[in-house]
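*Asks:* coords please:
(chains A, B and C)
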Amino acid sequence: MSQPTFPKNSWYVAAMSDEVAGSKPLGRKICGESIAFYRSHQNEIAAVLDFCPHRGAALSLGYVEDGLLVCGYHGLKMGVDGKTKEMPLQRVKGFPCMKSYAVEERYGFIWVWPGDQAQADKSLIPHLEWAVNPEWAYGGGLYHINCDYRLMVDNLMDLTHETYVHASSIGQKEIDESPVSTQVEGDKVITSRFMENIMAPPFWQAALRGNGLADDVLVDRWQICRFSPPSHVMIDVGVAHAGHGGFDAPADKKASSTVVDFITPETETSIWYFWGMARNFKPEDQALTDTIREGQGKIFAEDLEVLERQQENLLAFPDYNLLKLDIDAGGVQSRRVIDRIIAKEQVKSSTIQTDAPLQTVSF
Amino acid sequence: MSQPTFPKNSWYVAAMSDEVAGSKPLGRKICGESIAFYRSHQNEIAAVLDFCPHRGAALSLGYVEDGLLVCGYHGLKMGVDGKTKEMPLQRVKGFPCMKSYAVEERYGFIWVWPGDQAQADKSLIPHLEWAVNPEWAYGGGLYHINCDYRLMVDNLMDLTHETYVHASSIGQKEIDESPVSTQVEGDKVITSRFMENIMAPPFWQAALRGNGLADDVLVDRWQICRFSPPSHVMIDVGVAHAGHGGFDAPADKKASSTVVDFITPETETSIWYFWGMARNFKPEDQALTDTIREGQGKIFAEDLEVLERQQENLLAFPDYNLLKLDIDAGGVQSRRVIDRIIAKEQVKSSTIQTDAPLQTVSF
Amino acid sequence: MSQPTFPKNSWYVAAMSDEVAGSKPLGRKICGESIAFYRSHQNEIAAVLDFCPHRGAALSLGYVEDGLLVCGYHGLKMGVDGKTKEMPLQRVKGFPCMKSYAVEERYGFIWVWPGDQAQADKSLIPHLEWAVNPEWAYGGGLYHINCDYRLMVDNLMDLTHETYVHASSIGQKEIDESPVSTQVEGDKVITSRFMENIMAPPFWQAALRGNGLADDVLVDRWQICRFSPPSHVMIDVGVAHAGHGGFDAPADKKASSTVVDFITPETETSIWYFWGMARNFKPEDQALTDTIREGQGKIFAEDLEVLERQQENLLAFPDYNLLKLDIDAGGVQSRRVIDRIIAKEQVKSSTIQTDAPLQTVSF
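*Replies:* Alright, predicted model coming up:
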């Protein structure tokens, strides 16, 4: 087996809360694991291998009844712990225990730990202030993209691409004329770019207006990209009327928000990309939330073809060494963090048996 | 080469008779063999390798003329025996003889023997009473499904799944509350389930009404699944007003029929599934035949996604040992019969050269 | 690595001139090489590897500015020689030089040399009289077909198939009743067929009428197929009122033209097929050009399924030796020329390093 490209002993965003509703499960592959997500007793989220121990049917094609996931083929009832609880006319005690996954619903997302379940620790789920503080509002969506998740990390840790990919909305020449600086703080990587005395691009002009501010005056603009493992990127972005302190300007002089990116590997060359924007102005304005989400969705869709074609190229030239320029430092440093975590995980898994072989009872 | 998953020295249903009509051939892969089916002299069915000996064109793209299959590329005329009969301006005597297939049109179907042609024996085609007896009527259809043919055998030899997959038509709780019994008689496997004093589910209520019987009284219901090699499953199903003998009740107390299933491997992971229903009441009522076919077509379509997702799961976990419960006995025993036949076939083919290498004349 | 199936040190038609227009590049794979074609200074055509040296993005998703190809991801500006000319805030001198391709716009087509660039010699591009002589007009199109390019060479060097594939337009029984003769002249192969005192088929009747000639009299018809490496096939076709010299008849007794075929491998099993017709009558009649192109496009589309299914068959039976009949001599001899050229190329490339490994600067 070649070196894995993503850590598995980590919390990943698997779904938005409203994707798993009522008695209908959601089947989704996360880090190579086929998982059935469903709502058990008291609506609590649960996650088990999407594989019925009876004959291998996809449990996610079934339904939930009395808190148990019923296989839609022959009625086996699966519990949240991967143990079969009932099956018509059968004694199920000897049925093999299937893999179940540590899972947590928090901040409007469903988080899952795809690797060694013994290591799953809910205190490791990051704190997201914007998700719990009523002064903030959030809107977002989900894209499926056929690329290595690290290409999306690179993308988000180097916003130079806005000038080219998003020329008509958030891009502007001043971005790639401004240098970036990158810091590594433990497992976190921060890449910042500041632009002063520029005109705001269309997206930010609209945001200024939305915030009751003039859009035809000079502004200071900032982009502060924050990577944290395994593959979350939060980006503080905004503009302030020039000379009021930029990022630190008072609320009535700026329009700002946090771009939220959870990048979850589906396979080694495909991702579930949860994108969104959290803002701390007019949080009660749902229409504004919808408008921003729609605009952001269009902008972020512009990255899809770029990333998928880049992935194809890298598969065709697997030995090419990508350049590592200063603007790439954010992505490069993030990959170093990732590599370190994977290496640590590999050492552990050579001593711990994480995936016990599946067992069966005989006929 | 790994162990084959299906016998090749056997009769398979390749097509419904009306799929091969006029001068238009039908190209279809059966057990991994690409075959061109066509109607030769006196409308007689013929089957040859779908490969023109001249330059490899697909003969099924051509047409029939004077009982010969004309290649649509350069006009080579193929005979039913795989020998080229004519080609403009060419002497064809030295052309290589291509594989031709024993083929028989019977019971409204086209049967083919994909393996060693020397062993093809038309007396081995099963007798189908419902297809020749005027007291019976038949209607059916064809689905292409991406799954191992044995998954469909399992499906049909364990009707417990009706409760879940077909809940709104033929499913009912009493099915999976009733035990099954399985017998093996030589190469045949029979799995039976009897339910007494129950209410009929919607499909059978309609059948009772169609047969002029009350649909709101208690009935006895039966399901008798009969597997015969290589992969035919005939299922006697029906309901009788309770207390009149069930399966053995007189005709005016019951509605019954035979579900007909011919499961023909296309490849190791895909099938041509010929499904239908034969009934011995109101055989002259074509409108009823159409209604039943339409209803059955909808019901059987519900199995497609279940089977294809199951197949994906089994490919992802090739070493998982499926459970073998009592309800699975029909499928398990059928697979044992299949394995025995394949093993016998393998011994033979190690001494007989079944597929002579293709030859050519040189330029 | 197995023997290549096409020469790479040769000029291939990569595109029609109008496919690369304005500031928009064209990405197209030619002989396995992903190439970005674009218009540089003074509209001059340029071709570079479709791979940005920075992070592997597809350059063809970018745009042209000041004669340079700008990567649409982070703004790297690529020159026609594969060297990076600029990148915002970067010193690009140490950037690796990417492969660039000898490319020439001539005769309304864009020609590219995908192999060893040191050997590219523009004097080797064939002279096409019909493309430069004002007495001729040309119209054509492009198809993508999933087949080995040699199957299309075979197709065009044996027009027997017209009788079958194009029965309603240019096909007629007299074609396959008339023998062909094949000559090899150095690297060129010529296959000719002459038919005398026949009725013209529909396409040629229309051409006679278009040329002001009676269409209901006997004609002499000719087909002279001329292969030249790597994979160009020009076919002189026409009809003359019978007894006036056929191919050599005076212009007012015939309707004739040259079928133009440039067959460019995309991969080993797919092609870009540039087809068209050049005629030396009524060259100023654009409406006639359009009518002919439309008709020819429909006729040539009839070959697509035949070729793709033939390709599938040959992949399924890789060891089958195709027959080599007299009608196949044109294709067979063309393949011998091709094989000779490939063998010569292989000897050279074992001494010359054609594809230098891609290099990078380190971070």
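
*Asks:* C-alpha only now, for contacts and for neighbours.
*Replies:* Noted.

*Asks:* show me the contacts for residue A:283.
*Replies:* A:134, A:135, A:136, A:137 (Cα atoms under 8 Å, 6 or more residues apart in numbering or on different chains).

*Asks:* quick check: it is in a helix.
*Replies:* No: assessed with DSSP: H, G, I helix; E, B strand; the rest coil, residue A:283 is coil; it does not lie in a helix.

*Asks:* list buried residues within the contacts of residue A:283.
*Replies:* A:136, A:137 (16 or more other Cα atoms under 10 Å in any protein chain shown).

*Asks:* helices and strands around whatever helix or strand residue A:275 lives in, which ones?
*Replies:* Assigned by DSSP states H and E, residue A:275 belongs to strand A:270-279. Applying 3 or more Cα pairs under 8 Å, 6 or more residues apart in numbering or on different chains; DSSP states H and E, one finds that strand A:270-279 contacts strand A:137-145, strand A:254-267, helix A:286-316.

*Asks:* repeat that for 7 Å
*Replies:* Other elements packing on strand A:270-279 under the criterion 3 or more Cα pairs under 7 Å, 6 or more residues apart in numbering or on different chains; DSSP states H and E are strand A:137-145, strand A:254-267.

*Asks:* list of residues touching the longest one?
*Replies:* What that stands for is strand A:254-267. Under the criterion Cα atoms under 7 Å, 6 or more residues apart in numbering or on different chains, residues A:12-13, A:29-32, A:149, A:207-208, A:211, A:231-241, A:271-280 lie in contact with strand A:254-267.

*Asks:* what's the following helix or strand after the helix or strand bottoming out on mean pLDDT in chain A?
*Replies:* The weakest-scoring helix or strand in chain A, judged by mean pLDDT, DSSP states H and E, is helix A:162-165 (a mean of 81). Next helix or strand after helix A:162-165 toward the C-terminus (DSSP H and E): helix A:173-176.

*Asks:* neighbouring strands of the helix or strand that that following helix is followed by in the sheet, and parallel or not?
*Replies:* Sequence-wise, the next helix or strand downstream of helix A:173-176 (DSSP H and E) is strand A:181-185. Strand pairing for strand A:181-185, using DSSP bridges, gives strand A:188-198 (antiparallel).

*Asks:* pull the CA atoms of the strand it pairs with into CSV?
*Replies:* Coordinates of each C-alpha in strand A:188-198 appear next as CSV, following Å, rounded to 0.1, in the frame of the first residue of the first chain:
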residue,chain,number,x,y,z
LYS,A,188,-1.7,26.0,12.0
VAL,A,189,-0.7,28.0,9.0
ILE,A,190,-1.6,31.6,8.4
THR,A,191,-1.1,33.5,5.1
SER,A,192,-1.9,37.2,5.0
ARG,A,193,-2.2,39.8,2.4
PHE,A,194,-3.0,43.5,3.0
MET,A,195,-3.8,46.1,0.3
GLU,A,196,-4.2,49.7,1.1
ASN,A,197,-5.9,52.6,-0.7
ILE,A,198,-7.5,50.6,-3.5
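
*Asks:* what mean pLDDT does it have?
*Replies:* The pLDDT scores in strand A:188-198 average 96.

*Asks:* stretch A:276-287 too?
*Replies:* 91.

*Asks:* likewise for stretch A:145-152?
*Replies:* Across stretch A:145-152, pLDDT averages out at 98.

*Asks:* also stretch A:240-253?
*Replies:* Rounded mean pLDDT across stretch A:240-253 is 94.

*Asks:* got a list of contacts for that stretch?
*Replies:* A:196, A:197, A:218, A:219, A:220, A:221, A:222, A:239, A:254, A:255.

*Asks:* what of stretch A:13-32?
*Replies:* Here stretch A:13-32 has contacts from A:8, A:34-39, A:50, A:60, A:63-64, A:108-112, A:114, A:262, A:264-267, using Cα under 7 Å, 6+ apart.

*Asks:* burial count for the residue of the stretch 101-250 of chain A found nearest chain B?
*Replies:* Per Cα to the nearest Cα, residue A:114 is where the stretch 101-250 of chain A lies closest to chain B, at 16.4 Å. Other residues near residue A:114 come to 27 when the count uses other Cα atoms under 10 Å in any protein chain shown.

*Asks:* from memory it sits against residue A:34, does it?
*Replies:* No: Residue A:114 lies out of contact with residue A:34 (Cα atoms under 7 Å); the separation is 9.6 Å.

*Asks:* which residues of chain A lie near chain C?
*Replies:* A:160-161, A:164-165, A:176-177, A:306, A:309-310, A:313-314, A:320-325 (Cα under 7 Å from any Cα of the partner chain).

*Asks:* where does the stretch 201-350 of chain A get nearest to chain B, which residue?
*Replies:* Nearest to chain B in the stretch 201-350 of chain A, going by Cα to the nearest Cα, is residue A:267, at a distance of 13.2 Å.

*Asks:* what's the pLDDT at that residue?
*Replies:* Taking residue A:267 on its own, its pLDDT is 97.

*Asks:* just to revisit the earlier point, now do the strand holding residue A:275 against strand A:254-267, angle only.
*Replies:* 160 degrees (axes from the mean of the first three to the mean of the last three Cα atoms, to 10 degrees).

*Asks:* quick one: strands adjacent to strand A:270-279?
*Replies:* strand A:137-145 (antiparallel), strand A:254-267 (antiparallel).

*Asks:* first to last residue in stretch A:4-18, what's the distance?
*Replies:* End-to-end span of stretch A:4-18 (Cα to Cα, to the nearest Å): 31 Å.

*Asks:* what of stretch A:208-227?
*Replies:* OK, stretch A:208-227 end separation, Cα to Cα: 27 Å.

*Asks:* and that stretch, average pLDDT?
*Replies:* 94.

*Asks:* same check on stretch A:4-11?
*Replies:* 96.

*Asks:* identify each buried residue in it, please.
*Replies:* Buried, per 16+ other Cα under 10 Å, within stretch A:4-11: A:5, A:6, A:7, A:8, A:9, A:10, A:11.

*Asks:* tell me the residues on the stretch 1-150 of chain A that lie near chain B, please.
*Replies:* So the stretch 1-150 of chain A meets chain B at A:51, A:53-58, A:72-75, A:88-89 (Cα under 7 Å from any Cα).

*Asks:* can those residues go into TSV with extra columns for pLDDT and secondary structure?
*Replies:* Formatted as TSV, those follow (pLDDT from 0 to 100; DSSP: H, G, I helix; E, B strand; the rest coil):
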residue	pLDDT	secondary structure
A:51	98	coil
A:53	97	coil
A:54	96	coil
A:55	96	coil
A:56	97	coil
A:57	97	coil
A:58	97	coil
A:72	94	coil
A:73	94	coil
A:74	94	coil
A:75	94	coil
A:88	91	coil
A:89	88	coil
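
*Asks:* which among these end up buried?
*Replies:* For the residues of the stretch 1-150 of chain A next to chain B, a burial check counting by 16+ other Cα under 10 Å picks out A:51, A:53, A:54, A:55, A:56, A:57, A:58, A:72, A:73, A:74, A:75, A:88.

*Asks:* what sits against the fourth one?
*Replies:* Yep, that's residue A:55 we're talking about. Counting by Cα under 7 Å, 6+ apart, residue A:55 has contacts B:322, B:323.

*Asks:* and it, what are its phi and psi?
*Replies:* phi -130, psi 20 (degrees, to the nearest 10).

*Asks:* with the fifth one instead?
*Replies:* Summarising the backbone geometry of residue A:56 under the convention degrees, to the nearest 10, its torsions are phi 80, psi 10.

*Asks:* how about residue A:187, nearest residue that isn't a chain neighbour?
*Replies:* residue A:337 (5.9 Å; Cα to Cα, 6 or more residues apart in numbering or on different chains).

*Asks:* okay, the residue of the stretch 101-250 of chain A closest to chain B: pLDDT?
*Replies:* So residue A:114 comes in at 97 (pLDDT).

*Asks:* please name the residues that touch it.
*Replies:* Contacts of residue A:114 by Cα under 7 Å, 6+ apart are A:8, A:9, A:30, A:31, A:33, A:101.
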